[in-house]
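Student: have a look at this fold, sequence not included:
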C-alpha cells in the first residue's frame, strides 16, 4: 500500500465517520439538509491528516495540563 492508497482510504473512513456523527448529533428542531452534511463530510475526509494532527495536539495539551495540575 502506498501513500496515495493510505490517503484515499483515510478519506473514505473519515467521510463515513463524519456522516454518521452528523446524523447522530444533529439538531432535530432544524435538521441540516443532506447536501450540507455531505459537503462538510467530504471536506473533513479530504482534510483528515489535518484533523488527525489536531487530535494529537489536543491530547498533548490535555496531558501537559494534567501534569501541571499534579505538580
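Tutor: Everything's here; your move. Remember, it's a predicted structure, so these values are computed and weren't measured experimentally. Residues are numbered from 1 along each chain as shown.

Student: so is the residue nearest the centre of the chain in a helix, a strand, or just coil?
Tutor: Nearest residue to the geometric centre of the chain (Cα atoms, centre = their mean): residue 51, 5.4 Å. Assigned with DSSP: H, G, I helix; E, B strand; the rest coil, residue 51 falls in the helix class.

Student: ditto for residue 38
Tutor: With three-state DSSP as the basis, the three-state label of residue 38 is helix.

Student: does it touch residue 22 like I think?
Tutor: No. Applying Cβ atoms under 8 Å, one finds residue 38 not in contact with residue 22, separated by 9.1 Å. (Glycine included, C-beta is placed from N, CA and C.)

Student: and residue 57, how far from residue 9?
Tutor: Plainly put, residue 57 is 23 Å away from residue 9 if you go by Cβ to Cβ, to the nearest Å.

Student: any idea how far residue 31 is from residue 21?
Tutor: Residue 31 sits 14 Å away from residue 21, going by Cβ to Cβ.

Student: one more: residue 62?
Tutor: Plainly put, residue 62 is 20 Å away from residue 21 if you go by Cβ to Cβ.

Student: among those two, which residue is more densely surrounded?
Tutor: Per other Cβ atoms under 10 Å, whichever of residue 62 and residue 21 has more neighbours is residue 21, with 13 against 10.

Student: same for the host helix or strand of the more buried one, what does it pack against?
Tutor: In this assignment (DSSP states H and E), residue 21 forms part of helix 3-24. Applying 3 or more Cβ pairs under 8 Å, 6 or more residues apart in numbering; DSSP states H and E, one finds that helix 3-24 contacts helix 34-46, helix 48-70.

Student: which one of the ones you listed lies closest to residue 1?
Tutor: Closest to residue 1 of the helices and strands packed on helix 3-24 is helix 48-70 (Cβ to Cβ; 15.8 Å).

Student: burial measure for residue 11, as a count.
Tutor: 17.

Student: quick one, what contacts it?
Tutor: Shown in contact with residue 11 (Cβ atoms under 8 Å, 6 or more residues apart in numbering): 45, 46, 48.
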